[in-house]
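# The following block contains a protein sequence and its predicted model.
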Amino acid sequence: MSAYTLLLQLVNGLAGASALFLLSCGLTLIFGVTRIVNFAHGSLMMLGAYLAYTLIGHVGNGSALSYWAAVLIAVIAIGVIGALIESTLLRRLYDAPELLQLLATFGVVLLVKDVVLAVWGPADLLGPRAPGLSGAVALGSGAVPLYDLLLIAVGPCVLLLLWWMIRHTRFGVLVRAASENRTMAAALGVDERTLYTTVFALGSALAGLAGALQLPREPATLGMDLSSIADAFVVTVVGGLGSVPGAFVAALAISLAKSLCIALGSVDIGGVEIAFPKLTLVVEFVLMAAVLAVKPQGLFGHSDDPVATSRRVEHRATLLPLGRNALIAAGVLLAGFAFLPVLADDYTLILGADVMVFALFAASLALLLGPGGMISFGHACYFGLGAYAAALMVKHGWASAGALALAGPAAFAGALLFGWICVRSSGVYMAMLTLALAQIVWSIVMQWDDVTGGSNGIVGVWPQGAFAGRGAYFFVVLALAAASLVALAWIPRTPFGYALRAARDSPLRAEVIGIDTRRTRWLAFAWAGGFAGLAGALYAFSKGSVSPESLAIPRSVDALVMVLLGGADFVFGPLIGAAALTWMQDSLPRVTDYWRAALGVAIVVMVIVFPGGIAGAWVTIRHARK
C-alpha cells in the first residue's frame, strides 16, 4: 500500500462520511426529540435522490443556479413529506411501544418503495455532476473529483449549523429540552405537536439532502432504502442516540475504516492472506459491536430520563390462560393441517409448511419480545445458523434426521455466545447490537465461498429416507413445529418463565429476591435462538437449498411483522401472523405488481386501528358483541 493510495482512499472516505452524516444526523434529531426509531428514514433518502434526479432534468438548464435550485426543491419536498408522515401516522403512536412504531414505519417503507417503482421504474438512475464541479484537482500522480471536495465541506458545515441552531436559537432550546425531559418540557408549555412535526420535517429534509448530494456519486436504486437505513442505524447508535456530534464522529470513523480496508488490499499475515476489502461489508457492524460492548449507550449517548420515558405504554405481554376454548381451537387447527396432504395439492402443502415454519420462527422471537422484554433486529441470524448447519451436515453425508436434530443445538450455541454480549444492553441499543452481530455472521456466510457457497448458497438439501416426499416431509414439519410451539407456549408458564417476566418488569426487585436477571435473560435468548434454528433447518429442507438471505435483515423484519401482525399478547398470535403474512406475500403479487404498497397500507391500518394484531382485533370485536 503506497502513501498516495492511502491518501486517495482517505479523501474518498471523507466524502462518504459527509453523506452518511447527513442521513444519520436527521435520524439522530428525530429520535432525540420524538423517541421514534424511524425505519422509513432510508426511504426518505431514496425518495430525495429520485426527486432530485427528476427535478434536475426538468428544472435545470445547465446552469449552477438551476441545478442547486432543483436540489433545494427536492429537499424541501422531502421535508414536507416527512411532516405529513409525522402528523398523519406517527403522532398517533408516540406513547405506543417501540415495536409498533417500527412496524408502522416499515409499512411506510413498503409503500414508498412501490411508489418509487411506479413513478421511476426499476432502472438505476445516476445524476449529473453540478455545473462547475465536473472536473478534478490534481493530487500527486492522480486527481480528486471536485464534487468529492464539495461533499467533504458540506458535512462539517451542516454540523456547525446544527450546533449553532441547537445552542443559540429558541428552537434549539426547545429541542434540547424535549431531548432531555419531554415531560418537563410539556409541563412548561412547549407545544409538542408543532415541535415534533418541525423536527421530523428537518430530519427528513436532511435525509433528502443526503440522497440528492449522493446522486452524482452513486445511482438511485430501489434497494438503497434498506441498505442506507442499516448504515444510518449503526452511525446513530455508535455516536449515541440523540447526539449530533456523536453521529459526525461515528460517520467519520466508519467511513475512514472502510477506506482503510480498501487501501490495505490483501495482506499476508503469518502465512494467512487476509483480503481487507471484503471486510467493508461488515466493518461498521464490528465497530458498533465493539463500542456497545464497552459503552452500552454509544460514544456520546446517555440513558433516557425515567420520568420522560414513563409516558410510553411499554409492551407487557400477559399470560393468558390456556382454557378449554383455546385447546379446542388448537386441536381443530392441528387436525386441519393434518388433512392437508389428502385434500390439497403440492403447492398448498408448500404454503402450509411455510406457515408452520414461520410460525415457529415468529414464536421464538415472541419469547424474547413478550416475557423477555428484549427487542432483537437480528433474530434471522439463528434462523440462518440452523439452516446452514443442517445443509452443511447433509452436504457431508449426514442423514436428514441427524441434520434436523443438530440444527437447533447449533443455533442454540450461536445464540448462547451472542446473547452473553447482547443482554448487557437493553432497548434500542440491544436491538442494534443484535443487528450488528447478525450482519457479521451474514458477511462471513456471504464471503466464505469454500464452506457456505458464498452468494450462491448450498443447493441439493432435500429430505431423505423416511422424510422424502412432499406429504411425508409435511408431517415432519407439522409434528416438529407443533411440538415446538407447545413448548414455547409452556415456557412462560414455568418457574423460569415467571423469573423471566420478573426480570423484565422489575429487574431491581428480581435481583433482591435472588433472581439472576442477566443469566435468566441470557438463557431465554439462547432458547429462542435454538427454536429459530430448528425453523431454519425445516425451511432449508422444504426449499432444498439455503442462501445468505436466510440471515439478512428482511428476514428478521418478517419475524417482527408476523409477531405484531398476529398479536404479541396471544398464544396463537405468531401462527396467525405467519399465516396472514405468508398468504399476503403469496397472493398479492399475483393480483398487482405493487403488492408491497398494498401490504404496507394493510400494516399501517392494522397498527392504527388494531394495535393488538389480528388476534387482538378478534377479541375486541367479540367483546363488543356481548
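Now that the structure is in, tell me what you want to look at.
# What strand or helix carries the closest residue to residue 594 other than its chain neighbours?
Once flanking residues are discounted, residue 594 sits nearest to residue 114: 4.2 Å by C-beta to C-beta, 6 or more residues apart in numbering. (Glycine included, C-beta is placed from N, CA and C.) Assigned by DSSP states H and E, residue 114 belongs to helix 98-120.
# Stretch 57-69 spans what distance, first to last residue?
From its first residue to its last, stretch 57-69 covers 12 Å (C-alpha to C-alpha, to the nearest Å).
# Residue 568 falls within a helix, correct?
No. Secondary structure of residue 568 (DSSP: H, G, I helix; E, B strand; the rest coil): coil, not part of a helix.
# All further residue positions should be reported with the first residue as 549.
Yep, numbering from 549; the last one is residue 1116 now.
# That one and residue 1161 touch, don't they?
Yes. Contact criterion C-beta atoms under 8 Å: residue 1116 and residue 1161 qualify, at 6.8 Å.
# per-domain residue ranges of this protein.
Here the domain parsing of the chain from automatic domain parsing is 551-852, 873-1173.
# Mean neighbour count for these - can I get that in JSON lines?
Shown next, in JSON lines, are these (neighbours: other C-beta atoms under 10 Å):
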{"stretch": "domain 551-852", "mean neighbour count": "20"}
{"stretch": "domain 873-1173", "mean neighbour count": "20"}
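# Make TSV from these and add mean pLDDT to it.
Shown next, in TSV, are the domains of the chain (pLDDT from 0 to 100):
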stretch	mean pLDDT
domain 551-852	83
domain 873-1173	86
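# about what we covered before: got a list of what the residue nearest to residue 1142 touches?
Listed by C-beta atoms under 8 Å, 6 or more residues apart in numbering, the contact set of residue 662 reads 1142-1145, 1148.
# Next: residue 1124.
1113-1115, 1118, 1161-1163.
# Which element, helix or strand, includes it?
Here residue 1124 is assigned to helix 1121-1139, by DSSP H and E.
# List the contacts of residue 1161.
By C-beta under 8 Å, 6+ apart, the contact list for residue 1161 reads 1112-1118, 1121, 1124-1125, 1154.
# Closest to residue 955 out of those residues?
Closest approach to residue 955 among these (C-beta to C-beta): residue 1125, at 23.2 Å.
# The closest one and residue 911: what is the separation?
Distance, residue 1125 to residue 911, by C-beta to C-beta, to the nearest Å: 10 Å.
# Then residue 568?
37 Å.
# Residue 889 too?
Residue 889 sits 23 Å away from residue 911, going by C-beta to C-beta.
# same question, residue 892
Taking C-beta to C-beta, one finds residue 892 at 23 Å from residue 911.
# do the same with residue 1102
From residue 1102 to residue 911 the distance is 19 Å (C-beta to C-beta).
# Can you classify residue 679 by secondary structure?
Of the three states, residue 679 takes coil under three-state DSSP.
# who's in contact with the closest residue to it other than its chain neighbours?
Closest residue to residue 679 apart from its sequence neighbours, by C-beta to C-beta, 6+ apart: residue 612 at 4.4 Å. By C-beta under 8 Å, 6+ apart, the residues touching residue 612 are 678-680.
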